[in-house]
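Enquirer: Below: sequence and its predicted model.
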Amino acid sequence: MRALVTGISGFVGGHLAEHLIDSGDQVVGLSASGRWSVASAHLAESVRLEAFDLVTDSVESLSRLIARKQPEAIYHLAAQANPSASLDDPRGTWGLNLGGTMTLLDAVRAAGLDPLPRVVLVGSGVSYGNPAPEDLPVSERCPLRPNNPYAASKAAADLLGIQHALSYGTPVVVARPFNHAGPRQEDRYVLGSFARQVAEVERGTRPRIEVGNLEVVRDFTDVRDIVRAYRLLAEHGQAGEVYNIGTGRDESLASMLETLRRLARAPVEVVVDPARVRPVDQPLLLADASKLRSRTGWEPRLSTEQTLADMLDHWRSALGDPS
């Protein structure tokens with residue numbers, strides 16, 4: 001399959017590119033910078049990277065690129081993907097997350113390919129906000145009640161994709177992943193931060209780790225399982241439909257931190273830093289992914305402990321493992 005991936009140089013994009021290549025696909029990636037990150041530099045030998053900014057570059061130039069590359073599947077990952085950062089820059093978040101999606105979908109229509117490529121539009125489970133207890137686990141029928149600019153902009157982009165499918169026949173499938181983590185995740189995300197700090201305590205460069213609200217419960221899925229779901233949706237998802245991706249397991253940040261402490265090679269002291277506590281935070285968010293499983297046969301394969309062990313190993317390597 002010929003695949004085009006926006007935001008390919010990011011955390012999820014790198015893992016998706018690896019999975020697509022392992023599946024025998026030909027992959028072209030788009031990145032605003034036109035450069036690989038250090039963590040994804042190994043992909044340069046097997047993936048063609050094109051510089052394209054979904055906010056500032058034109059629909060016409062992207063449509064020409066799509067017509068030239070003739071992808072059979074497009075995975076739209078490019079986004080401002082940090083809820084906390086979206087509170088600091090809501091306008092920029094909306095510009096990329098909704099405006100960039102509009103640029104992509106308009107370019108797909110203008111490219112004139114026949115058949116049109118399947119577009120896997122990546123949304124977010126946080127668009128459901130803080131569901132009522134009777135709505136848990138959260139199915140695709142749950143109302144969207146986003147409580148930060150990131151969640152709201154992703155919800156709007158989902159609706160735009162569905163509108164394109166219904167109005168223009170663009171084969172858009174909306175993937176709505178819940179929290180995910182894995183090796184190479186940046187430390188601006190909670191589990192990436194935990195893993196890096198534990199690795200630093202092991203090295204003796206940090207006396208303790210600092211955390212926010214550990215009572216938050218999340219449905220975490222390994223990023224390598226998430227990207228498998230994306231490709232399955234490209235093959236089998238129904239256009240105009242939304243599919244949640246998650247394990248349905250309720251795991252607190254406290255329990256995951258304890259797993260990392262158990263995996264650590266040195267004792268790890270924990271202190272709560274008020275600056276790390278979000279002004280708005282969902283206390284419980286679990287996915288009902290039965291629609292995805294029924295449509296594609298997807299099941300998560302990697303345990304939380306395996307995910308955390310791999311993340312810790314990544315940071316040990318990135319920081320220089322003293323052992």
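Expert: Here it is on my side, so go on. Numbers count the residues shown, from 1 in each chain.

Enquirer: check contacts around the nearest residue to G7 once chain neighbours are set aside.
Expert: Spatial nearest neighbour of G7, excluding adjacent residues (C-beta to C-beta, 6 or more residues apart in numbering): A78 at 3.3 Å. (Glycine included, C-beta is placed from N, CA and C.) Each residue near A78 by C-beta atoms under 8 Å, 6 or more residues apart in numbering is listed here: 6-7, 10, 30, 32, 54, 96, 100.

Enquirer: again, only this time at 10 Å
Expert: Contacts here follow C-beta atoms under 10 Å, 6 or more residues apart in numbering; on that basis A78 touches 5-10, 13, 30-32, 52-55, 96-97, 100-101, 103-104, 122.

Enquirer: how close does it get to L121?
Expert: Here A78 is placed at a distance of 11 Å from L121 (C-beta to C-beta, to the nearest Å).

Enquirer: what do the two both touch?
Expert: Common neighbours of A78 and L121 (criterion: C-beta under 10 Å, 6+ apart): 101, 104.

Enquirer: could you pull out the helices for the stretch 151-300 of the chain?
Expert: Taking DSSP state H, counting those that start in this stretch, the helices of the stretch 151-300 of the chain run over residues 190-203, 223-236, 253-263, 290-296.

Enquirer: Residues touching the last one, excluding its own?
Expert: The list of residues contacting helix 290-296 from outside it, by C-beta under 10 Å, 6+ apart, reads 137, 139-141, 173, 175-177, 228-229, 231-238, 241-246, 248, 289, 298-300.

Enquirer: In strands, which of these fall?
Expert: 173, 175-177, 242-245 (DSSP state E).

Enquirer: Can you tell me which of the residues you listed lies closest to M256?
Expert: M256 lies nearest to P177 out of the ones in strands among the contacts of helix 290-296, by C-beta to C-beta, at 17.5 Å.

Enquirer: what sits against the closest one?
Expert: Taking C-beta under 10 Å, 6+ apart as the test, what P177 contacts is 12, 122-126, 219, 221, 223, 225-227, 229-230, 243-246, 287, 289, 292.

Enquirer: Next, find the distance separating S86 from V126.
Expert: 10 Å.

Enquirer: Quick check, A111 in contact with V119.
Expert: No - A111 is not in contact with V119 according to C-beta atoms under 10 Å; the separation is 11.5 Å.

Enquirer: Overlap in contacts, those two.
Expert: P71.

Enquirer: quick one: which of the two has more around it?
Expert: The residue with more neighbours, out of A111 and V119, is V119; 25 against 21, by other C-beta atoms under 10 Å.

Enquirer: Good, we can wrap up now.
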